[in-house]
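Colleague: Sequence and predicted model, in that order:
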Amino acid sequence: MAAEVKKGIDTTKNPIPFEMAQVPGPEQAKCYMPKVMGAIIKKAKRPLLVVGAELFDDPIMFDKMIEIGKMGIPIAATAHSVKGFVERGYLENVYQIGLHPLTSNLRFSDWMGMDGKGQYDAVIFMGIFYKFANAMFSTLKNFNRDIKRISIDRYYHINANMTFGNMAFTPDDYHAAVDEVIAAMKK
Amino acid sequence: MATKEGSFSVEDMKNVQINIGAVVKEADEWDQEMGPHPKPGVATLRSWDHMIANRYKIMYAPADDTCTLCTYGPCDLTGNKRGACGIDQAGACGKIVLIACLMGTCAHSAHGRHLYHWCMDKFGDMKFDMGDEILVDSPLYQTIMGTKPRSFKDFNEGLYYLEEGVVQLLAATHTGQEGAYIDFESKALHAGMLDLLGMEICDMLQIVAYNMPRGAADAPIIEIGMGTMDQSKGVLIAYGHNLAAGAEAMIYAEENGLWDKVDIGGVCCTAHDLNRIGLGKGEAKVPAGIGMKPKVAGAIGWWRKMVRSGVMDCVMVDEQCVWCDVLADSQKRKIPVIATTDKIMLGLVDRTNDPIDAIVDDLVNFKVPGVAILDPAKAGIVGIKTAIAVKPKRAEAHIQNLITEAQFQEQIKKCTTCNDCAFVCPPHIRISKLIADAVKGDMTTFSNTYEICVGCGRCEQVCPQGINILDLFEFANRQVVKNQKFKMRSGRGPARDTEIRAVGAPIVLGTIPGVIALVGCSNYPNGTKEAYDIAKEFVDRGYIVVTSGCMAMDMSLYTDADGKTIWEQYPGGFDGRNICNTGSCVSNANIGDAAIKVSTIFAHRNHRGNFDDIADYILNKVGACGVAWGAYSQKAAAIATGCNRLGIPVVVQPHSVMYRRSFMGRTDKPEDWMVIDARDGKMQQIEPAPEAMLYIAETKEEAMLEMAKLCFRPSDNSIGRGIKLTHYCDISMKYFGKLPDDWHIFVRDVKDLPLVYKEDMMKTLESKFGWKIDWKAKKILSGPLRPADVSFDPTNLARKIRTKK
């Protein structure tokens, strides 16, 4: 147990698409440990956190996302998830936008982002309906490879560059893993 | 040489052979001038398609990074690489989209072709007459073909046109033919337009042949649900989309006085159409007295739940939307199956030419699990006789439709919580949690997720313990389907011309905030209830809500606090605060028809052979939006694509990413939103309205917000824009807790602002967006991208610029 705490949560197990048949081709995501994910996100120059309506199923994740937002990473609140941020009184760098129009814009190198400061270089998906997130990752994977695709969701996302393995059935471990990502970002 | 269509002169010509294919008679019967594009070919409307694609950027979400269509494959196309044939990922996606649209187009058109032959054989040719209140009687046909069908037989020309179009389009998908994604999409849009035509032909044929209601705003409220079937009788279920065999069964039952022995119910769209047959008025082509005897059992998504309910005694399948394991599911429960069309024969022996009694004997005594009978009349008789005779035999056989309590307990104990089932469940139901709760004696989670389960059965396919999960669901909810009994308004058919006259101006000016069309089927992201929720939200707000097919059925399963279904809460007219059921899947054409009729009846646009002109009018002036919230099929892909070509945006549910392609505008690009002002030919930037042509929403809340936004049109007057903005902002406040970030884009004048938010919005416009406000006069001095102008006449077609005489 002590050793596990020291090493951190192993997020590299169970790399199977959450919808098993979603195996698109030879290029498939790699699973990373939370500390590595946090360091990569921290290194990004124009990261964007993209969150969806599954946050309502696990409301503590709103607080964790706000914690990331407070580190200066803008949040795209897709579906109606912005309501969770309204209820928590945090709208500082939260943008209400659908995942579909957001991904559509992410395809274009000349899109200036929601703040008008330029295209993003990394997107971090969290709390989005699996099949939808998978498809939007596929769009970026095939049509704009300049943006790093990161998932810190509880699912293995095969079309991302970096993802956790499936943690859908181990919520405590998953929460701890996200905490480790946040901690690594703060270092 | 030909000087104009319908006339020619021959002077000083020798050795010339003239072939006369068809004599054009319409010139003296239809005073409308022929438009530029009668019977458009594959490339005729390409410039219109490219206009759509340039504004609404084609977006692909590949479901597969490889191409395996030819023997060079598999080719890895990841990152838009090219395969051996030279096609890139975008092109490969476009090809799949086109093929999917063609599947849908063929399904509807082949349905029409079957009905054409069947009805010609049964009834002979007949006058095409939609009654005194529908004079613009085949809007899509007239717009696309440039001719008016006068008789049933005339539709043959439309079917030939469709069939040639489909062949040409499918040819383009062969390896080595089309390779550019934008042209695949132009072809897909063409296929979508053909699909609209195919659906219209199909619905018009059946309306005329079977004398179905024509624009009946007062179509009766009927019962829906498996619980409506009288289980003391033999229960015959007609399942699919083609009414031919089901109609024959009803006619046989009526002519032979058998309704006291048999009950007939429909599943999926056949249900709508059998019901419509009984409600026709005027000249009777089927025996009087059928009336409301045929029942609507329910939508396709409930099929596997229905078959386990133990209610049905015999199943006749026709075509489309029939699950491929219908025979296995039925055989397990000793329910004889009759396949009635050559599209679905299920591996059964073709008994079309055998004596009726011999076939019935084999079915009733379970000598065969089913038969194929391709003569609808014979199939109908066999269906009735079998349902009646097999009922007692099935009772004697003590068929176990449901598992027992002991079997349930035995099954749930086998679960090892491996969660393989959760990895394949479309709505992500945590089935192991349901089972764990049941082991503890708590069945509520099984009950709460029953309507969320789409009944696909993928969980059973992967369970390593062989647990029959659908059976567990059915046991835990065993009385639900058996007792399901709700109310639905019967299919009314097209909108009447008088209804269009009444709503034309309010729609174009925006004072009726929009037309919302809910179409599609059973693959809801979060259960059937969302169909009701979406419909209720918009009809309450005064939109015209139109629906059809399984969506109409599924929204019937919920009631308000007074126990009323949505159909009992609102009238059935084509008007604001009304909700109408146009009928079956092919009746979706009536929705496109209504949009065309707004332009031709209200705005007096010539629609004859003039598709792009009409689509341009609809895109700029008719605030309509489709939503396919449960769509699963390729037919839905074709319908949505056809609507897109007609200028109607569509919102779909998140599973629809499997369609791979969407059309999304870039609101940050002013140059994409330039239109021509037809008054003087000057270019004018407009607000992004509508901002997308095919939009994927993650949740019903997002869908509703987007639908409200997609009803904005450049032609809205200030009152109309104010009403639309009010609903857009209200929905956002209700479900998002805040105003949308982009509301200001749609403001052109103070009068556009919703009254309830006016003061705050004016302050925001000044402080956040830097607009100049004259507070004393309550006027906007600068800021909007264009002024409100009630006579603004936006168009995307240069030929619409008015020339001074």
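Modeller: Happy to help now that I have it.
Colleague: Just the residues contacting the strand or helix carrying B:Ala297, thanks.
Modeller: According to DSSP states H and E, B:Ala297 maps onto strand B:295-298. Strand B:295-298 is contacted by residues B:222-226, B:228-229, B:237, B:263-267, B:271-272, B:275, B:306, B:484, B:488, B:553 when judged by CB atoms under 8 Å, 6 or more residues apart in numbering or on different chains. For the C-beta atoms, the positions are set from N, CA and C on the backbone; glycine is no exception.
Colleague: Grab the CA positions of stretch B:502-512 and hand them over as PDB.
Modeller: What follows is stretch B:502-512, C-alpha atoms only, in PDB (Å, rounded to 0.1, in the frame of the first residue of the first chain):
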ATOM      1  CA  ALA B 502     -52.100  31.300 -42.100                       C
ATOM      2  CA  VAL B 503     -48.600  30.600 -40.800                       C
ATOM      3  CA  GLY B 504     -46.500  31.700 -43.800                       C
ATOM      4  CA  ALA B 505     -46.000  35.300 -42.800                       C
ATOM      5  CA  PRO B 506     -45.500  34.600 -39.100                       C
ATOM      6  CA  ILE B 507     -42.800  32.000 -39.900                       C
ATOM      7  CA  VAL B 508     -40.900  34.200 -42.400                       C
ATOM      8  CA  LEU B 509     -41.100  37.300 -40.100                       C
ATOM      9  CA  GLY B 510     -40.300  35.200 -37.100                       C
ATOM     10  CA  THR B 511     -43.400  35.900 -35.000                       C
ATOM     11  CA  ILE B 512     -44.000  32.100 -35.000                       C
END
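Colleague: Would you mind listing the buried residues in it?
Modeller: B:Ala502, B:Val503, B:Gly504, B:Pro506, B:Ile507, B:Val508, B:Leu509, B:Gly510, B:Thr511, B:Ile512 (16 or more other CB atoms under 10 Å in any protein chain shown).
Colleague: which ones are touching the closest residue to chain A within the stretch 401-550 of chain B?
Modeller: Going by CB to the nearest CB, chain A is nearest to B:Phe423 of the stretch 401-550 of chain B, at 4.8 Å. Applying CB under 8 Å, 6+ apart to B:Phe423 gives the contacts A:Ile16, A:Pro17, A:Phe18, A:Glu19, A:Met20, B:Val462.
Colleague: Identify the residues contacting B:Met226.
Modeller: B:Gly265, B:Ala297, B:Gly298, B:Trp302, B:Met306, B:Ser309, B:Val311, B:Val481, B:Lys482, B:Gln484.
Colleague: Kindly report the same for B:Val208.
Modeller: Contacts of B:Val208 by CB under 8 Å, 6+ apart are B:Met126, B:Lys127, B:Phe128, B:Asp129, B:Met130, B:Phe152.
Colleague: Please name the nearest non-neighbouring residue to the second one.
Modeller: Pointing back at B:Lys127 there. B:Ser151 (5.8 Å; CB to CB, 6 or more residues apart in numbering or on different chains).
Colleague: Equivalent analysis for the fourth one, please.
Modeller: Taking CB to CB, 6+ apart as the measure, B:Asp129 lies nearest to B:Val208, with 6.9 Å between them; neighbours along the chain are not counted.
Colleague: do the first one as well
Modeller: With CB to CB, 6+ apart as the measure, B:Phe152 is the residue that lies nearest to B:Met126, at 4.8 Å, once sequence neighbours are left out.
Colleague: is it true that the one you found touches B:Cys119?
Modeller: Yes - between B:Phe152 and B:Cys119 there is a contact under CB atoms under 8 Å: 6.8 Å.
Colleague: What's the separation between A:Phe62 and A:Gly127?
Modeller: 9 Å (CB to CB, to the nearest Å).
Colleague: Overlap of the contact sets of the two?
Modeller: A:Leu55.
Colleague: which one of the two has more residues nearby?
Modeller: A:Gly127 (25 against 21; other CB atoms under 10 Å in any protein chain shown).
Colleague: so what's the more buried one up against?
Modeller: Contacts of A:Gly127 by CB under 8 Å, 6+ apart are A:Val51, A:Gly52, A:Ala53, A:Glu54, A:Leu55, A:Asp58, A:Met61, A:Met65, A:Ser81, A:Asp153.
Colleague: swap the cut-off to 10 Å and go again
Modeller: A:50-58, A:61-62, A:65, A:77-79, A:81, A:84, A:133, A:152-154 (CB atoms under 10 Å, 6 or more residues apart in numbering or on different chains).
Colleague: Can I have the buried ones of these as a PyMOL selection?
Modeller: Restricted to buried positions by 16+ other CB under 10 Å, the PyMOL selection for the contacts of A:Gly127 reads:
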select buried, chain A and resi 50+51+52+53+54+55+56+61+62+65+77+78+79+81+84+133+152+153+154
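Colleague: and the contacts of A:Gly127 near chain B, which?
Modeller: Among the contacts of A:Gly127, proximity to chain B is found for A:Gly52, A:Ala53, A:Glu54, A:Phe56, A:Asp57, A:Ala77, A:Thr78, A:Ala79, A:Ser81, A:Gly84, A:Ala133 (CB under 10 Å from any CB of the partner chain).
Colleague: Quick check: of the residues you listed, which lies closest to B:Ser447?
Modeller: A:Asp57 (19.2 Å; CB to CB).
Colleague: Quick one: the helices in chain A, in order.
Modeller: A:2-7, A:34-43, A:60-69, A:82-87, A:99-106, A:130-143, A:171-186 (DSSP state H).
Colleague: Least reliable of those helices by average pLDDT, please.
Modeller: If you rank the helices of chain A by mean pLDDT, helix A:2-7 sits at the bottom with a mean of 52.
Colleague: Can you tell me which residues in the stretch 551-700 of chain B are near chain A?
Modeller: Close to chain A, as judged by CB under 10 Å from any CB, the stretch 551-700 of chain B has residues B:651-660, B:662-669, B:691-692, B:694-700.
Colleague: Are any of the residues you listed buried, and if so which?
Modeller: Judged by 16+ other CB under 10 Å, buried ones among those: B:651-657, B:659-660, B:662-667, B:691-692, B:694-700.
Colleague: So which of the residues you listed are in strands?
Modeller: B:Val651, B:Val652, B:Ser662, B:Phe663, B:Met664, B:Gly665, B:Ala692, B:Leu694, B:Tyr695, B:Ile696 (DSSP state E).
Colleague: The residues you listed: which two are farthest apart?
Modeller: That would be B:Val652 and B:Gly665, which, of those, are the farthest apart (CB to CB) at 16.1 Å.
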